[in-house]
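Trainee: Structure for this input, please:
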Amino acid sequence: MSLGFRPARAEDAEAAAPLVYSAGPEAFDYMLRAAGRGALDFLRYAFAQGGGFQGHRNHWVAEREGRVVGVGAFYGQRDEGRLTLGLMRQVLSFYPLPAAFGVIRRGLELSPMMKPLTPEMLYVANFGVAPECRGQGIGARMLNFQMAQARQRGFQLYALDVAVTNPRAQKLYEGIGFRFVRERRFRGDRARSPVPDCRRLEMKL
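Mentor: Numbers count the residues shown, from 1 in each chain. Alright, predicted model coming up:
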């Protein structure tokens, strides 16, 4: 069965949002669960809306026989300001104001777990493959496809963060050539959601 990669579209939201969520369910729940709304509710809204870190304009999808089976966000340092502004606008428009401020505060608590981007780095986030399609090489092929794109764009480093509770994903990344750099601890309210610590993996391009 043929597998293709393309920029995500707004109409992919229903299929793509659960895959985005699967990339970090504890962290998404910690940040986005508020005012009776779940993390997936916001992710569907944000993906369809387009802007921000979770918007479709920041993502590519893997498609097989017309079905979205994988998703990932790929961006650099120069994109961070625009993506941050887009996320804040989405949060303020999706939640009642007091809840929106809580979402933003918890997002700031999560941000130290992710090492700041550098100009030569392409960062991978929100990376997920449909559960029934895992183990078929889709994730590896999508990462390799984006790796070639990154080299053409002049990036020199490929980077991502993986939860310490997800050794299967770490094995996939290390099989492609990523190497462990450091581990960062979650220092927020673990009683709200048991957000796992994360490991930074990097690869020279």
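
Trainee: Doesn't Tyr60 lie inside a helix?
Mentor: To be clear, residue 60 is Trp; Tyr isn't right here. No: in this structure, Trp60 is strand, not part of a helix, as judged by DSSP: H, G, I helix; E, B strand; the rest coil.

Trainee: Who does it form a beta bridge with?
Mentor: Pro7, Gly72 (DSSP bridges).

Trainee: can you check Leu201 too?
Mentor: The partner residues for Leu201, given DSSP bridges, come to Leu160, Phe180.

Trainee: That one is in contact with Glu174, isn't it?
Mentor: Yes: contact criterion CB atoms under 8 Å: Leu201 and Glu174 qualify, at 7.2 Å. C-beta: built from backbone N, CA, C; applies to glycine.

Trainee: Give the residues shared as contacts by those two.
Mentor: Taking CB atoms under 8 Å, 6 or more residues apart in numbering as the criterion, Leu201 and Glu174 both touch Phe180.

Trainee: Could you pull out the strands in the protein for me?
Mentor: 4-7, 59-64, 67-76, 121-129, 157-163, 179-184, 198-204 (DSSP state E).

Trainee: Reformat those strands as a markdown table; add mean pLDDT, mean neighbour count and distance to Gly139.
Mentor: Shown next, in a markdown table, are the strands of the chain (pLDDT from 0 to 100; neighbours: other CB atoms under 10 Å; distance: least, CB to CB, whole Å):
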| stretch | mean pLDDT | mean neighbour count | distance to Gly139 |
| --- | --- | --- | --- |
| strand 4-7 | 97 | 12 | 12 |
| strand 59-64 | 98 | 21 | 8 |
| strand 67-76 | 97 | 22 | 6 |
| strand 121-129 | 97 | 22 | 5 |
| strand 157-163 | 96 | 22 | 11 |
| strand 179-184 | 95 | 12 | 17 |
| strand 198-204 | 96 | 18 | 13 |
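
Trainee: could you dump these to TSV with distance to Arg192?
Mentor: Formatted as TSV, the strands of the chain follow (distance: least, CB to CB, whole Å):
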stretch	distance to Arg192
strand 4-7	34
strand 59-64	27
strand 67-76	24
strand 121-129	21
strand 157-163	17
strand 179-184	18
strand 198-204	17
